[in-house]
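In: take this sequence and fold it.
(one chain, ligands or ions: 2)
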Amino acid sequence: MTDLNTQLVSILNRVQRPGSFYATGKADLAMPRLEVEGVGNIALPLLPQQISPLVQVAEQAPYGKGEETLVDTTVRKTWQIAPDKVHISGKYWQTMLDDIVTQAVDGLGVSGEVHADLYKMLVYDAGSFFVNHRDTEKADGMFATLIVALPAVYTGGELRIEHAGHNVSLNLQADDPSEISFAAFYADCIHEVLPITSGCRLVLVYNLCRSGKGELPQPPDYQREQMQAAACLKQWVTMEHTGEDIPLKLVYLLEHAYTPEGLAFDALKNGDAAIASVMIPAAEQADCDLYLALVSVEESGYAEYGGSYGRKKRYWEDDDEDDDDFEIGEVTEEEQYISHWQTPQGVVSTMGHLPFENEELCLPNRLYSLAADALHFHEATGNEGASFERTYRRAALVMWPRVYRADALSVGGVDINLDYLAHLMADWQAAGGASAQPQWQEALHFAKGVIANWEDTGSGWHPSLPGAPYLSRLLSHLLLLADTHLIEAAVTRIPIGGKSYQREDNLPLLAALALLPDAPARQLLATLLEKRAADSLAACGQLLRLALPRYAQTGTEPFLPAAQALLESLANTQPVTGSYRSIERLTVEQVVDVLIAIGNVDEGLGKQAVVHLLAQRQRFPMDERLIPAVLLAAQASDHPPVVLALLQQQCLAYLESCLSLPLAAPTDWTREASFECSSSSWRKDNNADCEALKRFMLDPQETSWNFAAAEDRRNALGRIVQQAKLDVDITTIKSGRPYTLRFVKTQASYERNVAQRQRDEANRERLLGLRVDG
Ligand SMILES: O=C(O)CCC(=O)C(=O)O
Ligand SMILES: [Fe+2]
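Out: Numbers count the residues shown, from 1 in each chain. Ligands and ions are numbered 1, 2, ... in the order given. Coordinates of the predicted model:
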């Protein structure tokens with residue numbers, strides 16, 4: 001632990017008296033007998049028809065004003081029944097009440113003996129409420145009020161409690177009829193009950209009294225600790241964040257266990273709630289961000305079959321934690337991260353996983369002091385040994401200086417940073433979205449850090465991966481922030497200096513660059529293209545094509561090296577060195593982009609591009625790429641006529657040569673049989689079968705052949721037919737043993753040639769009909 005961690009821990013250790021100004025919770029309810037004099041037995045949950053009998057025996061709750069006791073229904077409107085008229089019995093009632101008192105007393109942070117005396121029952125029918133007030137001490141030793149809400153159905157009626165600037169609003173209606181909710185608060189807290197909007201709220205009000213003598217317990221006051229914690233954080237904020245030993249964030253592990261669903265600032269238990277009540281204002285005063293989050297450590301490794309040789313357990317492992325058959329062996333992998341973020345305002349953040357360092361933890365031992373949340377063993381399979389996975393989880397307060405936000409988040413990668421930037425942008429928009437607002441400054445400052453800390457994440461640039469559009473996401477924000485320095489920095493650092501760049505980034509990129517003066521924008525574009533043409537041919541082709549109308553008005557010269565780089569990339573038939581991908585495939589649209597871009601920069605380079613396109617038949621097939629590309633490019637208003645005319649001519653020449661080949665239907669039944677029959681892996685009879693097939697194919701008279709043989713021999717011939725695309729149909733005749741494979745000759749290849757001939761003729765018509773030279 002660093003000095004800072006130690007300091008903070010020692011300050012927060014003095015928040016010794018856990019507890020808050022209020023406590024709330026639930027207890028299991030075993031149905032008691034509740035009798036009210038003049039009404040009789042009361043059903044729980046309360047029945048609607050019992051509301052009015054209850055109101056009838058009750059009196060308007062009065063309120064004390066100086067010496068007088070007044071009834072004023074504008075100040076309060078609720079019905080009270082004196083304690084001597086209320087009789088509660090049942091085997092479990094007292095135990096449950098004891099449980100509630102224990103929880104309440106713990107929550108208030110009080111030690112020593114405490115008893116609860118019934119003070120009154122309150123009936124709130126629709127329209128009832130109780131305005132802000134403080135409870136007067138009604139009995140010796142009374143220090144707090146306890147409200148036990150009996151099961152009843154109602155809406156509204158929240159109990160609001162206030163103390164030293166802190167507020168809570170509690171709904172005491174238990175969702176489950178077998179549970180009962182309670183709230184307790186120190187006597188000097190101001191509180192109120194909001195109007196009941198429907199149904200009836202039925203509560204028992206108790207005085208919580210200290211049994212012994214001495215000073216009465218007081219609500220906690222951590223002013224001093226709060227100031228010290230703030231001072232400690234301020235000192236951190238002003239430190240130069242360059243030294244290795246200054247933590248980027250502090251992670252204060254909380255004491256109690258919480259599930260991801262149950263994690264919330266206002267659901268923190270006892271001591272944790274007290275720590276949060278100190279740290280929230282302290283962080284605010286020191287300009288630090290503060291989050292409640294979950295800290296996880298995921299371990300995996302080898303498992304061993306349990307045995308007497310078992311090693312010594314680590315101190316945090318429970319004895320009953322292990323499966324009977326397995327023991328945890330060596331931990332080989334460990335991942336630790338923070339997730340499930342929420343702000344003190346209760347806003348749940350979509351921010352992803354952020355790794356942490358052990359040096360950033362306060363009270364690190366707490367991480368392993370609960371049993372693992374999940375432990376799974378896997379049996380040994382095949383050549384893999386038995387293994388295990390185990391997760392430790394803890395709730396924590398996570399904080400960092402606001403000015404070093406970007407540094408704190410940079411370890412989480414681009415994704416989490418962009419999440420955070422989006423969040424700041426939303427804050428700014430919500431505040432009106434004008435530049436020079438503090439929120440604009442904040443987003444701008446953060447974006448600067450994101451750019452400086454940008455690490456290429458691997459995905460997002462690989463054309464065959466569904467890349468996360470990281471650069472686009474950033475640019476869309478920069479466009480709104482409209483800061484030219486930032487845009488320049490982003491383009492220089494990311495697509496030029498790094499890897500993140502893909503075709504989808506082009507439009508946001510051009511929109512962002514349009515905010516810069518033309519000269520530097522042109523320079524950035526030219527550099528980007530030159531740099532990335534080798535690994536992002538299609539993307540660069542489109543970018544150059546889209547950029548030319550604006551940036552080449554005074555000449556295409558600045559883009560010559562870029563066009564040259566694109567040409568080289570097009571000519572390159574090997575995968576780019578140092579990258580794991582195969583050679584880039586281009587769609588028709590992308591071929592057009594590249595051709596038009598290069599051709600518009602320089603005609604000579606464009607002509608060379610045509611040559612390279614024609615030379616790579618596999619990569620750029622005539623029918624699927626080049627001819628459609630000519631047709632598509634001809635429709636574009638920006639096509640380079642001479643270059644396109646060249647490609648058009650070349651395609652036409654190719655078609656002419658195809659069309660000049662003779663095409664006639666076969667005159668007899670001789671069919672193509674260019675396949676080898678001497679594979680060494682074949683059995684003898686396979687070779688003989690193959691020769692027989694060949695004889696059948698070459699025979700001018702035979703139209704069909706029946707081949708009766710075992711399955712493997714039939715299959716061997718079937719495969720030849722498929723691979724060599726022979727002009728035969730085959731069917732299996734499943735009568736007699738062995739089955740018979742029947743071969744019937746067809747004109748399939750002739751028909752294919754006819755179809756190709758029709759396509760070639762149609763394409764020739766289309767190409768001849770094009771006027772590409774303007
Ligand atoms: O009904 C409640 O929850 C509060 C009652 C109260 O404040 C009182 O009786 O003084
Ligand atoms: Fe009260």
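In: how about the stretch 401-550 of the chain: which residue is closest to ligand 1?
Out: Residue nearest to ligand 1 within the stretch 401-550 of the chain: Ala430 (35.3 Å; Cβ to the nearest ligand atom). Heads up, the C-betas are built off the backbone N, CA and C, glycines and all.
In: residues in the chain within reach of ligand 1, list them.
Out: By Cβ under 6 Å from any ligand atom, the residues of the chain that approach ligand 1 are 122, 130, 135, 147, 159, 191, 193, 203, 205.
In: hmm, back to that, so how far is Val347 from the residue of the stretch 401-550 of the chain closest to ligand 1?
Out: 12 Å (Cβ to Cβ, to the nearest Å).
In: ok, the residue lying closest to Glu162 once chain neighbours are set aside - contacts?
Out: For Glu162, ignoring the flanking residues on the chain, the nearest one in space by Cβ to Cβ, 6 or more residues apart in numbering is Ile190 at 4.7 Å. Ile190 sits next to 132-134, 161-163 when contact means Cβ atoms under 8 Å, 6 or more residues apart in numbering.
In: now, those that are in strands?
Out: 132-133, 161-163 (DSSP state E).
In: which of the residues you listed ranks first by neighbour count?
Out: Neighbour counts for these (other Cβ atoms under 10 Å) peak at Ile161, which has 22 neighbours.
In: quick check: that one touching Phe21?
Out: Yes. Contact criterion Cβ atoms under 8 Å: Ile161 and Phe21 qualify, at 7.2 Å.
In: overlap in contacts of those two?
Out: With Cβ under 8 Å, 6+ apart as the test, Ile161 and Phe21 both reach 185, 189.
In: so where is this structure shaky, pLDDT-wise?
Out: Low-confidence segments of the chain (pLDDT under 70): 1-2, 16-19, 63-76, 241-244, 306-325, 382-383, 456-468, 576-581, 679-682, 773-774.
In: can you pull up the most central residue in it?
Out: By Cα atoms, centre = their mean, the mean C-alpha position of the chain lies nearest to Gly352, the distance being 5.3 Å.
In: so where do the helices sit in the stretch 351-500 of the chain?
Out: For the stretch 351-500 of the chain, the helices defined by DSSP state H, counting those that start in this stretch cover 405-410, 413-430, 438-452, 470-481, 484-491.
In: which helices and strands sit right next to the shortest one?
Out: In terms of contact count using 3 or more Cβ pairs under 8 Å, 6 or more residues apart in numbering; DSSP states H and E, helix 405-410 is assigned the packing partners helix 413-430, helix 438-452.
In: list the contacts of the longest one.
Out: Applying Cβ under 8 Å, 6+ apart, the contact partners of helix 413-430 are 349-354, 405-406, 409-410, 437, 439-440, 442-443, 446-447, 449-450, 453-455, 457, 460, 468, 470, 473-474, 477, 480-481, 500.
In: domains in the chain, by residue range?
Out: Here the domain assignment for the chain is 20-210, 224-411, 413-516, 553-665+752-774, 684-746, based on automatic domain parsing.
In: list the contacts for the closest residue to Phe129 other than its chain neighbours?
Out: In space, and not counting its chain neighbours, Phe129 is closest to Pro195: 4.1 Å by Cβ to Cβ, 6+ apart. Going by Cβ under 8 Å, 6+ apart, Pro195 touches 127-129, 156-157.
In: need the residues you listed in CSV (columns: neighbour count and secondary structure).
Out: Output for those, formatted as CSV (neighbours: other Cβ atoms under 10 Å; DSSP: H, G, I helix; E, B strand; the rest coil):
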residue, neighbour count, secondary structure
Gly127, 13, coil
Ser128, 23, coil
Phe129, 17, strand
Gly156, 18, strand
Gly157, 26, coil
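In: from these, which is closest to ligand 1?
Out: Using Cβ to the nearest ligand atom, those come closest to ligand 1 at Gly157, 7.9 Å.
In: now render the domains of the chain as a markdown table, adding distance to Gln523.
Out: A markdown table is the format used below for those (distance: least, Cβ to Cβ, whole Å):
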| stretch | distance to Gln523 |
| --- | --- |
| domain 20-210 | 56 |
| domain 224-411 | 27 |
| domain 413-516 | 10 |
| domain 553-665+752-774 | 7 |
| domain 684-746 | 55 |
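In: look up which residues are beta-bridged to the residue of the stretch 351-500 of the chain found nearest ligand 1.
Out: Distances between the stretch 351-500 of the chain and ligand 1 by Cβ to the nearest ligand atom are smallest at Ala395, namely 29.2 Å. Beta-bridge partners for Ala395, by DSSP bridges, are Leu294.
In: my read is that Thr145 contacts Val205, right?
Out: Yes. Between Thr145 and Val205 there is a contact under Cβ under 8 Å: 6.5 Å.
In: okay, the two: which has more neighbours?
Out: The neighbour comparison of Thr145 against Val205 (other Cβ under 10 Å) goes to Thr145, with 24 against 18.
In: show me what contacts the residue nearest to Ser704 when sequence neighbours are not counted?
Out: Using Cβ to Cβ, 6+ apart and skipping the chain neighbours, the partner closest in space to Ser704 is Val744 (4.7 Å). Applying Cβ under 8 Å, 6+ apart to Val744 gives the contacts 703-704, 728-731.
In: can you give me the strands in the stretch 151-300 of the chain?
Out: 154-156, 159-163, 166-170, 179-186, 190-193, 196-199, 201-210, 250-253, 288-305 (DSSP state E, counting those that start in this stretch).
In: so what strands line up beside the second one?
Out: Looking back up the chat, that one is strand 159-163. According to DSSP bridges, strand 159-163 forms sheet pairs with strand 166-170 (antiparallel), strand 190-193 (antiparallel).
In: what's in contact with the first one?
Out: It stands for strand 166-170. By Cβ under 8 Å, 6+ apart, strand 166-170 touches 21-22, 24, 158-161, 183, 266, 277.
In: what angle sits between that strand and strand 179-186?
Out: Per axes from the mean of the first three to the mean of the last three Cα atoms, to 10 degrees, the angle that strand 166-170 makes with strand 179-186 is 160 degrees.
In: CA-only coordinates of strand 166-170 in CSV, if you can.
Out: Provided in CSV are the C-alpha atoms of strand 166-170 (Å, rounded to 0.1, in the frame of the first residue of the first chain):
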residue,chain,number,x,y,z
HIS,A,166,-28.6,14.1,4.2
ASN,A,167,-32.0,12.9,3.1
VAL,A,168,-33.6,9.5,2.7
SER,A,169,-37.0,8.5,1.4
LEU,A,170,-38.3,5.1,2.6
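In: quick check: buried residues in it?
Out: Neighbour-count burial for strand 166-170 flags 168, 170 (criterion: 16 or more other Cβ atoms under 10 Å).
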